[in-house]
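In: quick check, what structure comes out for this input:
(one chain, ligands or ions: 1)
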Amino acid sequence: MKLSLLTAYLESLAPLNYQEDYDNSGLIVGHPDKEVHQALLSLDCTEAVVDEAIEKQCEVIISHHPIVFRGLKRFNGKTYVERVVEKAIKNNIAIYAIHTNLDNVTDGVNARICEMLELKNCRILSPKSGLLKKLVTYVPEAKAEQVRNALFHAGAGNIGDYSECSFNAEGTGTFKGGEDTNPYVGEPGKRHYENEIRIETVYPAAMESKLLMALFLAHPYEEVAYDLYNLTNQHQQVGSGMIGELEEEMSGEEFLFVIKQSMDAKVIRHTALTGKPVKRVAVCGGAGSFLLKHAISAGADFFVTADYKYHEFFDAEGKLVIADIGHFESEQFTVQLLYDIIQKKFANFAVRLTEINTNPVKYFI
Ligand SMILES: [Zn+2]
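Out: Residues are numbered from 1 along each chain as shown. Okay, the predicted model is just below:
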């Protein structure tokens with residue numbers, strides 16, 4: 001299939017505008033119209049992974065971490081980043097990254113960690129704002145249901161676990177068509193009064209073009225009147241970290257053991273146990289210290305994450321237990337997550353998991 005078919009699917013689940021500012025998710029190397037038969041999945045895209053892709057005849061590498069974060073100014077093979085890009089281009093291998101946009105969705109990296117820790121009632125720990133918009137449109141009464149259905153079908157009207165949310169108010173619209181118009185009701189050159197319904201509904205900004213297309217197709221007017229508003233509401237399904245609950249309370253010692261087993265952690269660096277039973281657990285794959293305040297205010301007993309620095313551990317202040325399990329360890333199930341996502345949609349497309357352990361951190365125990 002065309003690479004763009006695969007990436008469009010991935011971006012429908014983890015839209016690129018959900019990524020953090022510092023990130024560089026998306027198609028980094030390769031052309032969207034390239035034909036691909038096999039993909040190689042990896043957490044990191046190292047030179048060894050590119051070699052593996054060549055050997056396994058995979059035309060695209062899908063990695064969680066982007067190989068390129070900042071602009072490259074030289075290509076003389078001095079750094080591993082340059083060498084990876086150079087090798088991929090020379091061997092006609094595409095590189096695609098699905099990083100913080102996959103972290104930030106409810107079925108993403110953190111959801112998989114929650115699953116491994118068997119947490120229930122999981123939700124986003126720090127929902128993002130600025131991702132939702134509102135559409136208002138004015139529709140003749142008889143066509144209101146048709147337009148409403150089209151908007152819902154295109155993905156508008158979802159608030160938390162509720163779908164098909166809209167507000168509808170009756171009113172009178174006026175219009176006067178020019179000489180060359182062919183109005184749905186009324187005559188050109190004459191002001192027309194029409195009973196209309198003002199339909200308003202929220203939608204994720206990322207799907208705006210799809211939504212407008214649906215609106216234009218379903219609305220009977222030649223010129224559709226509509227307004228688009230930016231909202232500052234948080235998007236409950238998009239954001240950093242997750243929080244959930246254990247089925248049964250357990251002691252801090254017991255939960256450390258659970259983490260070690262289920263996350264295959266070689267070592268857990270943690271703050272002093274609080275002595276309180278563990279019920280609510282916050283998680284963040286990769287570096288998560290920026291979420292500590294959210295974990296505390298959400299009442300978490302444990303915060304399972306990675307990349308904690310010495311001084312940052314002090315911030316726990318006995319309110320919860322910070323458990324740093326290692327960056328690679330926290331995200332190791334992401335490759336399987338990507339595999340499951342792709343297989344679900346393209347069952348006949350070959351997806352290979354890397355056999356290379358790309359963790360640059362080794363443990364001397
Ligand atoms: Zn990471």
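In: contacts only, for Q57.
Out: Counting by CB atoms under 8 Å, 6 or more residues apart in numbering, Q57 touches H37, Q38. Placement of C-beta: from N, CA and C, glycine included.
In: confirm it sits in a helix?
Out: No. Going by DSSP: H, G, I helix; E, B strand; the rest coil, the assignment for Q57 is coil, not a helix.
In: which residues in the stretch 201-350 of the chain form helices?
Out: Along the stretch 201-350 of the chain, counting by DSSP state H, counting those that start in this stretch, helices occupy 208-218, 252-262, 292-297, 310-313, 327-331, 334-345.
In: and among these, the most buried is which?
Out: Most buried of the helices of the stretch 201-350 of the chain, by mean neighbour count (mean count of other CB atoms under 10 Å): helix 327-331, with a mean of 22.
In: hmm, who's touching that one?
Out: If you take CB under 8 Å, 6+ apart as the criterion, helix 327-331 is touched by 43, 64, 109, 113, 263-266, 283-287, 304-307, 358-359, 361.
In: quick check: mean pLDDT of it?
Out: Average pLDDT, helix 327-331: 96.
In: also stretch 354-365?
Out: Averaged across stretch 354-365, pLDDT comes to 94.
In: can you list contacts of it?
Out: So stretch 354-365 is contacted by 40-44, 46, 48-49, 52, 266-267, 326-329, 335 (CB under 8 Å, 6+ apart).
In: for that stretch, buried residues please.
Out: For stretch 354-365, the neighbour count (16 or more other CB atoms under 10 Å) marks T354, T358, N359 as buried.
In: and stretch 17-30, by the same measure?
Out: Buried residues in stretch 17-30, counted by 16+ other CB under 10 Å: Y18, Q19, D23, N24, S25, G26, L27, I28, V29, G30.
In: for the residue of the stretch 51-200 of the chain found nearest the ion, which non-adjacent residue is closest in space?
Out: Nearest residue of the stretch 51-200 of the chain to the ion, counting by CB to the ion: H65, 5.6 Å away. Excluding the flanking residues, the one nearest H65 by CB to CB, 6 or more residues apart in numbering is D44, at 5.0 Å.
In: contacts only, for the one you found.
Out: S63, H64, H65, I67, T358.
In: same thing with L353?
Out: Counting by CB under 8 Å, 6+ apart, L353 touches L40, L41, S42, V335, Q336, Y339.
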